[in-house]
Each structure stands twice: as structure tokens, then as C-alpha cells.
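Peer 1: I would like to see how this sequence folds:
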Amino acid sequence: MADVVQYRLERMVNELDDLERRGLFTRREIAEVVKQRRKFEYRLKRPSPLKEDFLAYIEYEAQLDALRRLRKNALAREARKKMKKSVSDFAGVARIIEIYRMAVMRYKGDIDLWFRYLEFCRVRKNGRMKKALAQVIRFHPKVPGVWIYAAAWEFDHNLNVAAARALMQSGLRLCPTSEDLWVEYLRMELTYLNKLKARRVALGEDNGTLIRSREDNNEKEWRNENGDLFMSLNEVRDTGDGSDAQNGEAEKKVDLFQEQGLIILQTIYSGAVEALPSSLNLRKRLFEILDSINLSDSEDLREKVLGDMKRDFSTNTEYWDWLAKHQITDFESLQFMDEERLHSEVQKAVKIYEEALEILPSPVLFKLYTNFFMDVIALKEGNTQSSGRMLSYISQLLMVYEKAETMGCLDEDLACRHVSLYLQLGRLNEARDMTGKLCSRKLSDSMQLLLLRVLVELRCLTKNDTSMDKADLVSIFDLLRNVLAKASVSETEQLWLVALKFFGDQNQYFDKLVEIAFVALAKNGTSETEFSLSSAVVNFVLQKDGVERARQMYKRFLALPHPEVALYKTCIELEMNLALAGSKDCLSKVRKLYEAALTTYDQSVDLWRAYYSLESKMGTAESATAVYWRARKILKDASAITNLPHL
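Peer 2: Numbers count the residues shown, from 1 in each chain. Model (predicted):
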């Protein structure tokens, strides 16, 4: 190993001498460079070098070469003349290339490392790109990105369209199910045609009309170059005897580039659909390209693509949603669109959704339909000039919800959306009637809807300034009791907080709520969520009835099986506040609470830290030390407690 490292370092002598001779690095700096390179070389010569070793070496050499270039440019500016290139100008890049080569040979399956290698070769233009591309294609022929990268390099850097096309076609033979390959192939061919067209215009041929006869030799060459893949659909073959030109057919001219672009689209579209018949995403991407370019007679192809999509994906809700939104030219610019145009395009989309509902009525489609209207309303919200249209869209949205109910497609999520819309509009009575009707029918078991119903009822009762009568209180409490008895505590967090606050001044009902809470916690146990029902009740009681009543309450909760850690923390905080205020017996209560909490939660680092902090501040050195060593002994991860001030 040492001999190999020494040999590699000796090969750097000419480069290092050149750096010193040209004044780019001092002898001391060169010695440091040799030291660092020796370290990296030894790391690479280990039996199993890590990928990070190669990358660290590459990063060091890249920074070193960047520093060399900066110093060289500075010397050139001072001397006011361009410095000639020498061995040190090439050695850095060559070394990085060699490190990359060793890395990719060591980690042949790491495609990210290969792309780093390729990108470095592309940026530095050192001549190794072709060899690197051949290697990565040999090792990763099933990775579409490799073929796309190679074709892009041939197309953009080498300006070799034939090679780029051959790479794309080879990639499609090996990866026929790659959507990206089909799309990028189409983009490449259309880009090529655009470049040809721009060149013809720049040369002033045909006065910029780019018109040619059907016997133009360019088309023949282009078709021969592409082979069978680019045979035009429904193509009429030329006889080759020149009789068409003699009969006046030469006068019928078309745009060469637009026609060839259409042929490309037709052929690639047919191949892509044959390879991926069930890919809706591919069809959408191809159609977007078709829709964004201007080709002669391309309307027929657009209609064909849309017709094929409707035939193949009419049972796919995503297709109908895309088709409806496609009716709007630019969905993001809706807020800047004039009202008449917006209304026209929205109604086109509505027709598509209505057609879809006749073919495929489903809750999913109704959700997409309502999402569309909600997006339109959100984009136009706040625009006072469009308030009339806004009301119209809201009315249509409500009709969609009603239609979902009529067609039997109103599930729990749609029902809650419908009620929430009424609440946003401030129409509490309609929301109240809707929840009452739905909860008494097929959605009677919907917990989400039941919770929403209770919140609606509470809001309706609190909206009126007049005091509520006994019948209202009994009605809402019975509804609350039924919901809270069915649902778990974690599902009804918001409802519990609202109920405790609502009945806080009604002692009779508040006590009943507390009993329901005891039953719920005893039945379902504690949860790991952030919400603690027992802590919430204790805090409400503390604010409502004072300390003694709160103590009685938390003692009852602590008597339940496996009390929550949040409850212990609430009780400790309550007693600590009293101890700090001067109450003598509260400190002993805090210690008892800590001991009880640690009996159940002995692996809680926070509890041990808080207990140790208490003893350090308000206890003795012996008691603090005792807590510390108990924590070290009990905690499985003892290192979590080692950074306490005790050390």
C-alpha cells in the first residue's frame, strides 16, 4: 500500500514544481498539499474505501484547483499579459477525473455518483465525456435518465442530432415504459425542427414562409434517417417518376417543418400509447405539448388524442377532473381574468363535470367537482367587483352538494364540507337543519358529523343574546352526552374544550360532564396525544372553584389506572406555585407527586430533570445527589442525564 501511495505522490512532482516556479503556491503550502494528498491516498487504498472518502478527496482537489485559478488570474492582471498554460493547468482536472473513475468503478450501482461524474466532465470539457457516457450506459441501461442525459449532451454539445436520436430510440427499446423518455424524445425532435426553421428564416429562404413542394429532398432524407419509426400515418407514397410535378402537384406547397412536426407527434404518440396504454399522466403530458405548439392540421390530432383519452379513461375520475380544468386556459390567472371570460370558461368546465357525473357518479368525483368551485371562489375572494359572480358560484357549489345527496353519493367528508360551507356563509339555521337531517339517516354513525352537529348547536345557542331556557340546555347536554360517550377522548378534544367552557357556569351540568370524563378515561385509558382531558378538567376546576376543589379533582383522576404524565405535571405545577408563594406543606406534596409520577414513568428524562432541579433549588445537597444517582441507575439511556449541573 505504501509503495503505491508513494508512487502516486511522485507522479505529482512536475505539477508541484510548476506551481512553485510560477509563484502560485509557496514551498510551505505545497508541503501541506502533499500531506493532505497522502492522507487521502491512504484512505482510498484501504480494503473497503467509503464513498465519502472519494467525495472528500474530490472536494479538496476542486477547491485547490479553484484557488490555483484565482491566483493565476491575479498574477495575469498584475503582469498585464496572459500566462501560458502549463502542466499545472491540466493536472488538477485530470486528477479529479481519475478519482471519479475509481469511485464509479468501486460503486458501479450508485447512479447519483455517475451523474456527478458526468456533470463534472460536461462542465470542465476535458474530453472524457464520451467514454464516461458509454460506461454509464453499459452499467445502467435500464435507467431512463441516463439515455436522456446522453442524448441531451449529443444534441446540445456535439450538435449531433442523428446520435441523439439513436440514443433516444435505443433508450425506448430498453425502457419502453418510461414516460420521461417518450416526452423528452418528442421535445427533442420538435426542438430540432424549431432550430431548422430558425436557420431557414435567418437565411431568408422562401422569404421566411418556409414553403416547399411535396417532392422536397429534405423530407426524403429526414424520413430515411428516422426509418420505420417515423413513417407518416396514412402516408401517400410518391411514385418517384416526377409525374406529380408535371401535373401541377408541385404548386401545392405546405410548411415543411409544421408537417414534419405533425408526423413526429403522430408517430411518437402512437408508440407511447402502445407502450403505456394505461398511463393517463403520459397522455396529459403529450397533449400539453401538442396544445402548446402551432402545427398545420394539428386540430385533428388533438381531437384524436382527446377521443382516445375519453375512450380509455372514461371510468377514471382524475381524467374528468383534468379535462374540466383544461377548459380554463390558465387556472392560476383566474383572479386577473375579466368576468365574462371567466364565467364562460367556468361554465365549460361545469359542463364537463356534469357529463362525468352522468357516466361515473361517485363521491370522489363530487369532491373534485366541489374542489374546483372552491378554488375558483378562493381565487376571486376579496374582489368586490366580482361579488355578483361569487354569489353565483357559491350557489352552484351548494347545488352540487345537493345533487350529491340526491344521487346517493354524499359520504361523511362531503357532508361535513356541505355543513362547513353553510357555517362559512353564516347560515347557521341551514347548517343546523342539515346536520340534524344527516345524523338521523344513513350518516347516523358518522363521528365527524356528530361532532360538527354539536358545535353547530352550541354556536346557534350562543348566537342569541337572550338567556337559554332549561329545555335548550337539556337538549344540548343530551346531545353532548351521546357523542362523548361514543367517541374516544382523542377524537373529541375540541368538543371537550367547548363543552367545559360552555357549561362552566352551570354547576349541575359541569359535574355531569366531569363524571362523563371519569368514565371515558377509565374505559378508554390514557392516550399519547398532546391533549390531556384530566389536565383540562383540573385547570377548569381551579379557575372555577379554587385550589381545594382542584386538589380533590386531581386526586380522583390520579386514582384512575395509569394517569397521564401531563396530569402529573399539571398537579406539580399547581403545588409548586403554592410552595413558591410560601405554603409550607406544598413542597412535600410536590415530592410525593414526583415519586408517584416516576413510579409509572421512570424512563421520563424530563421528570427526572425537573425533580433534580427542584431538589437543587429547594432541597439539600444530599437529596439532590440522591435523585441524580437514582436517575443514572434507572434510566436506560444514562447519558441523557449526564449533562446536569451536578457534574
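Peer 1: can you dump the C-alpha coordinates of the helix or strand harbouring Arg389 into PDB?
Peer 2: Using DSSP states H and E, the secondary-structure element containing Arg389 is helix 387-406. As requested, C-alpha coordinates have been extracted for helix 387-406 and formatted as PDB (Å, rounded to 0.1, in the frame of the first residue of the first chain):
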ATOM      1  CA  SER A 387     -69.300  39.800  -5.800                       C
ATOM      2  CA  GLY A 388     -72.300  39.000  -8.100                       C
ATOM      3  CA  ARG A 389     -70.400  36.200  -9.800                       C
ATOM      4  CA  MET A 390     -69.100  35.000  -6.500                       C
ATOM      5  CA  LEU A 391     -72.700  34.500  -5.200                       C
ATOM      6  CA  SER A 392     -73.500  32.700  -8.400                       C
ATOM      7  CA  TYR A 393     -70.500  30.300  -8.000                       C
ATOM      8  CA  ILE A 394     -71.500  29.700  -4.300                       C
ATOM      9  CA  SER A 395     -75.000  28.900  -5.400                       C
ATOM     10  CA  GLN A 396     -73.700  26.500  -7.900                       C
ATOM     11  CA  LEU A 397     -71.500  24.900  -5.300                       C
ATOM     12  CA  LEU A 398     -74.400  24.400  -3.000                       C
ATOM     13  CA  MET A 399     -76.400  22.800  -5.800                       C
ATOM     14  CA  VAL A 400     -73.500  20.300  -6.400                       C
ATOM     15  CA  TYR A 401     -73.700  19.300  -2.700                       C
ATOM     16  CA  GLU A 402     -77.500  18.900  -3.000                       C
ATOM     17  CA  LYS A 403     -77.000  16.800  -6.200                       C
ATOM     18  CA  ALA A 404     -74.600  14.500  -4.400                       C
ATOM     19  CA  GLU A 405     -77.200  13.900  -1.700                       C
ATOM     20  CA  THR A 406     -79.900  13.300  -4.300                       C
END
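Peer 1: which of the residues in that helix are buried?
Peer 2: Buried residues in helix 387-406, defined by neighbour count with 16 or more other CB atoms under 10 Å: 389-390, 393-394, 396-398, 400-401, 403-405. No exception for glycine: its C-beta is placed from N, CA and C like everyone else's.
Peer 1: run the chain-centre distance for it.
Peer 2: Centroid separation between helix 387-406 and its chain, computed with CA atoms, centre = their mean, to the nearest Å, is 31 Å.
Peer 1: pretty sure Lys463 sits against Leu428.
Peer 2: Yes - between Lys463 and Leu428 there is a contact at 6.4 Å, judged by CB atoms under 8 Å.
Peer 1: neighbour count for those two, which is higher?
Peer 2: Leu428 (15 against 9; other CB atoms under 10 Å).
Peer 1: which pLDDT value goes with the more buried one?
Peer 2: The per-residue pLDDT reported for Leu428 equals 86.
Peer 1: can you pull the poorly scored residue ranges out of the stretch 501-647 of the chain?
Peer 2: Along the stretch 501-647 of the chain, the parts satisfying pLDDT under 70 run over 524-530, 637-647.
Peer 1: do a quick rundown of the helices in it.
Peer 2: Counting by DSSP state H, counting those that start in this stretch, the stretch 501-647 of the chain forms helices over residues 507-524, 533-545, 547-558, 565-580, 586-600, 605-618, 621-634, given from the N-terminal end onward.
Peer 1: so which of these is nearest Tyr117?
Peer 2: The closest approach between Tyr117 and any of the helices of the stretch 501-647 of the chain, judged by CB to CB, belongs to helix 605-618 at 46.0 Å.
Peer 1: next structured bit after the lengthiest helix in the chain?
Peer 2: The longest helix of the chain (DSSP state H) is helix 51-79. For helix 51-79, the following helix or strand on the C-terminal side (DSSP H and E) is helix 87-106.
Peer 1: can you give me the angle that following helix makes with helix 51-79?
Peer 2: 170 degrees (axes from the mean of the first three to the mean of the last three CA atoms, to 10 degrees).
Peer 1: in helix 87-106, what counts as buried?
Peer 2: Under the neighbour-count criterion of 16+ other CB under 10 Å, helix 87-106 has 88-89, 91-93, 95-97, 99-100, 103-104, 106 buried.
Peer 1: any idea of the pLDDT on Asn158?
Peer 2: At Asn158, the predicted lDDT confidence score is 88.
Peer 1: reduced to three states, what does it come out as?
Peer 2: What DSSP: H, G, I helix; E, B strand; the rest coil gives for Asn158 is coil.
Peer 1: count of residues packed around it?
Peer 2: In terms of burial, Asn158 registers 12 neighbours under the definition other CB under 10 Å.
Peer 1: that one and Leu133, how far apart?
Peer 2: Between Asn158 and Leu133 the distance is 11 Å, computed by CB to CB, to the nearest Å.
Peer 1: try Cys409
Peer 2: Cys409 sits at a distance of 54 Å from Leu133 (criterion: CB to CB).
Peer 1: can you check Arg453 too?
Peer 2: Separation of Arg453 from Leu133 (CB to CB): 65 Å.
Peer 1: check Gly619 too.
Peer 2: Taken as CB to CB, the span from Gly619 to Leu133 is 72 Å.
Peer 1: between these two, which one's more packed in?
Peer 2: Per other CB under 10 Å, whichever of Gly619 and Leu133 has more neighbours is Leu133, with 22 against 17.
Peer 1: quick one: contacts for that one?
Peer 2: Contacts were defined as CB atoms under 8 Å, 6 or more residues apart in numbering; by that measure Leu133 touches 118, 149-150, 153.
Peer 1: in helices, which of those appear?
Peer 2: Those of the contacts of Leu133 lying in helices (DSSP H): 118, 149-150, 153.
Peer 1: which stretches in the stretch 351-500 of the chain count as helices?
Peer 2: For the stretch 351-500 of the chain, applying DSSP H, counting those that start in this stretch gives helices covering 363-380, 387-406, 412-424, 428-439, 447-463, 470-486, 493-502.
Peer 1: what's the angle from the last one to helix 533-545?
Peer 2: Using the same axes, to 10 degrees, the interaxial angle of helix 493-502 with respect to helix 533-545 works out to 10 degrees.
Peer 1: list the buried residues in helix 493-502.
Peer 2: Of the residues in helix 493-502, those buried (16+ other CB under 10 Å) are 493, 495-496, 498-500, 502.
Peer 1: ranking helices and strands of the protein by mean pLDDT, which lands last?
Peer 2: When the helices and strands of the chain are scored by mean pLDDT, DSSP states H and E, strand 211-212 comes last with a mean of 40.
Peer 1: how much space between Lys585 and Lys592?
Peer 2: Quick fix: residue 585 is Asp, not Lys. Using CB to CB, one obtains 11 Å as the distance from Asp585 to Lys592.
Peer 1: mind checking which of these two has more residues around it?
Peer 2: The residue with more neighbours, out of Asp585 and Lys592 and counting by other CB under 10 Å, is Lys592; that gives 13 against 9.
Peer 1: now do the more buried one against Asp545, distance only.
Peer 2: Counting by CB to CB, the gap from Lys592 to Asp545 is 23 Å.
Peer 1: and if you look at Phe287?
Peer 2: Phe287 sits 68 Å away from Asp545, taking CB to CB as the criterion.
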